[in-house]
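Trainee: below is the sequence, then the predicted model.
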Amino acid sequence: MRFLSYFLMFALIGCQATPEKAASVQILPESAPIPAFPELMDRARNQASFATEAFFVNNWKGLEDAAKSLEQTSRLISKTSDIPENQKKSFIDISSELNQEAVKLKEAASTKNENETTNCLQKIHLKIRQLRISPDA
């Protein structure tokens, strides 16, 4: 019985968002300068991870907040200046698609639609993966 209690305690601790992920869900002030691309990518990855963790524990408000932040991050990615020129067009397209998925995720979270949330999260993770700068850039 004691083993089960410890197991559950550690499992719950393991499902908690790290402070870095939780901080990334905060909306950036509109008047702030646009962060560098690597910082935006860290934010996007953390926001997607936070959203996934929130979904796992039925934290629909946290999921909705992460989707709102991801909307902002995807808009900022298309405006950042430090993307290699040969990848800029495709990154703008991908960040636009990421933005659309973040909007859908926010709507799915507000209606607690589990199937749509699952689909959106999968697409979001794939879009973020596509935004990696290639080594030959």
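Mentor: Alright, I've got the coordinates. As the structure is a computational prediction, the values presented were derived from the model and not from experiment. Numbering: from 1, shown residues only.

Trainee: mean confidence score for the longest helix seen in the chain?
Mentor: Once the chain is assigned using DSSP state H, the helix that runs over the most residues is helix 85-111. Helix 85-111 shows a mean pLDDT of 96.

Trainee: in this structure, which spans are helices?
Mentor: Using DSSP H, helices in the chain cover 2-14, 19-24, 37-56, 60-77, 85-111, 114-130.

Trainee: among the ones you listed, which is nearest Glu30?
Mentor: Nearest of the helices of the chain to Glu30, taken as C-beta to C-beta: helix 60-77 at 8.8 Å. Just so you know, the C-beta spots here come from the backbone N, C-alpha and C atoms, and that holds for glycine as well.

Trainee: which other residues reach the closest one?
Mentor: With contacts defined as C-beta atoms under 8 Å, 6 or more residues apart in numbering, helix 60-77 is touched by 17, 24-28, 34-35, 37, 40-41, 43-44, 47-48, 50-51, 54-55, 91, 95-96, 98-99, 102-103, 105-106, 109-110, 112, 117, 124, 131.
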